[in-house]
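**Student:** Sequence and predicted structure, then a few things I'm wondering about:
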Amino acid sequence: MPTYEFVCEKCKKNFTLTMKVAEHDEKKFRCPKCKGNKVKQLISSFQTITSKKS
């Protein structure tokens, strides 16, 4: 599952959410600290795990 980074525009807290792509498309994110829904997704790097060795 992908991990997404966000910042709450109300309390300025950065947080990370791990969710399915379908959940991300619903765009119903809430800050875990203040429960605000005015959050902005941050640009972040990603990593992947594969089952094959290269």
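**Tutor:** On my side now, so go ahead.
**Student:** Which strands or helices does the helix or strand of the chain with the lowest mean pLDDT pack on?
**Tutor:** The least trusted helix or strand in the chain, going by mean pLDDT, DSSP states H and E, turns out to be helix 21-26, with a mean of 86. Judged by 3 or more C-beta pairs under 8 Å, 6 or more residues apart in numbering; DSSP states H and E, helix 21-26 is in contact with no other helix or strand. For every residue, glycine as well, the C-beta is placed using N, CA and C.
**Student:** Could you list the buried residues of that helix?
**Tutor:** Within helix 21-26, no residue qualifies as buried by neighbour count (16 or more other C-beta atoms under 10 Å).
**Student:** Ok, stretch 22-39 next?
**Tutor:** F29, C31, V39.
**Student:** Enumerate every residue touching the last one.
**Tutor:** Read that as V39. Taking C-beta atoms under 8 Å, 6 or more residues apart in numbering as the contact definition, V39 lies against F6, V7, C8, E9, F29, R30, C31.
**Student:** Bridged to it, which residues?
**Tutor:** Beta-bridge partners of V39, counted by DSSP bridges, are C8.
**Student:** Now do it, the pLDDT please.
**Tutor:** In this model, V39 is scored at 94, pLDDT.
**Student:** can you check S54 too?
**Tutor:** pLDDT, read off for S54, is 58.
**Student:** for Q47, same thing?
**Tutor:** 65.
**Student:** How about L42?
**Tutor:** On pLDDT, L42 comes in at 92.
**Student:** quick one, strands of this protein?
**Tutor:** Secondary structure of the chain by DSSP state E: the strands cover 3-8, 14-18, 39-41.
**Student:** and of those strands, who's closest to I49?
**Tutor:** Closest of these to I49 is strand 3-8, at 11.8 Å (criterion: C-beta to C-beta).
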